[in-house]
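> For reference, the sequence and a predicted model appear below.
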Amino acid sequence: MVSFRFLTILVALSAAVASASEVLDARLEKAKALFQGRLDEAVASIHRRLDAKETQARGRGDKKLVDQIKSESKAVDESLTLPASVDVDQQVSEIRKAKNAYVAEYDQVIKECLKAKADEDANAYEKERNDFEQGFLKKYHGISGALGTLWVHPKGSFEEQSSGDWIESLNENPQIKMTFQSQNVKRMNDHIILQDPRRKCTVWIQPDRCVVKLGKAEPRVFYNGDWRR
């Protein structure tokens, strides 16, 4: 027969676990709200710049530019494709910081779960984090090149390091890694350009493919893949 004291201990432990989980969930909800607020403000700022540019274009009677701005504004809303008619580097930087801060909060929560031996919770939070990163880049594919940090293909991956360098890794030879230094990296709206002058190699990482040019050879598709974060 189970003692009343034992049942009391079980209930207390269950309540403690539930309480800890609720605290972590609350932290992530707060981080999500902060991320969404910063994202919304950055997008609103892009639209304000476009509106100001449109006002100038209308004042000059520049219909071509007005039509371009209207198209760019729609693309910002649909896929966060960055406009060419105005400078939005600051806004992109804010979006990257907001996204990275939200992901960093998930990483911290996962670490705390592992320290507490709550492996199931850690796995669940890891899945949530990965789903968010993949979902974000798919929803806002227009900015994938400006935000992506890990592009995966069947034979390996390209990943940005904290230094700004990019490393290419191959599954069959994981000990061999090729580095593209940060000064030779260019982020565009929907793709990233990696260059290695020494090897005379240029890589274009696009949302669904990787195009490579070696020396004087014509560029060709080397891999098909996608952004994972």
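Arrived safely. Numbers count the residues shown, from 1 in each chain.
> what mean pLDDT does the longest helix seen in the chain have?
If you go by DSSP state H, the chain has its longest helix at helix 4-60. Average pLDDT, helix 4-60: 80.
> And it, how far out from the chain middle?
How far helix 4-60 lies from its chain's middle: 16 Å, per C-alpha atoms, centre = their mean, to the nearest Å.
> for it, packing partners?
Counting by 3 or more C-beta pairs under 8 Å, 6 or more residues apart in numbering; DSSP states H and E, the packing neighbours recorded for helix 4-60 are helix 63-79, helix 89-115, helix 119-139. Glycine gets a C-beta too; all of them are placed from N, C-alpha and C.
> tell me which residues in the second one are buried?
Of all the residues in helix 89-115, those buried under the rule 16 or more other C-beta atoms under 10 Å are 91-92, 94-96, 98-99, 102-103, 105-106, 109-110, 112-113.
> so V221 touches C210, yeah?
Yes. V221 is in contact with C210 according to C-beta atoms under 8 Å; the separation is 7.1 Å.
> And those two? Which one has more around it.
C210 (21 against 12; other C-beta atoms under 10 Å).
> Now do the more buried one against I110, distance only.
Taking C-beta to C-beta, to the nearest Å as the measure, C210 falls 29 Å from I110.
> Any buried residues in the top strand by length along the chain, and which?
Using DSSP state E to define each element, the chain has its longest strand at strand 173-180. The neighbour-count check on strand 173-180 (16+ other C-beta under 10 Å) flags 178, 180 as buried.
> Mean confidence (pLDDT) on that strand, please.
For strand 173-180, mean pLDDT is 86.
> Let me have the helices and strands packed on helix 4-60 in a markdown table, adding mean pLDDT and distance to A31 as columns.
As requested, these are exported to a markdown table (pLDDT from 0 to 100; distance: least, C-beta to C-beta, whole Å):
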| stretch | mean pLDDT | distance to A31 |
| --- | --- | --- |
| helix 63-79 | 92 | 24 |
| helix 89-115 | 90 | 4 |
| helix 119-139 | 88 | 11 |
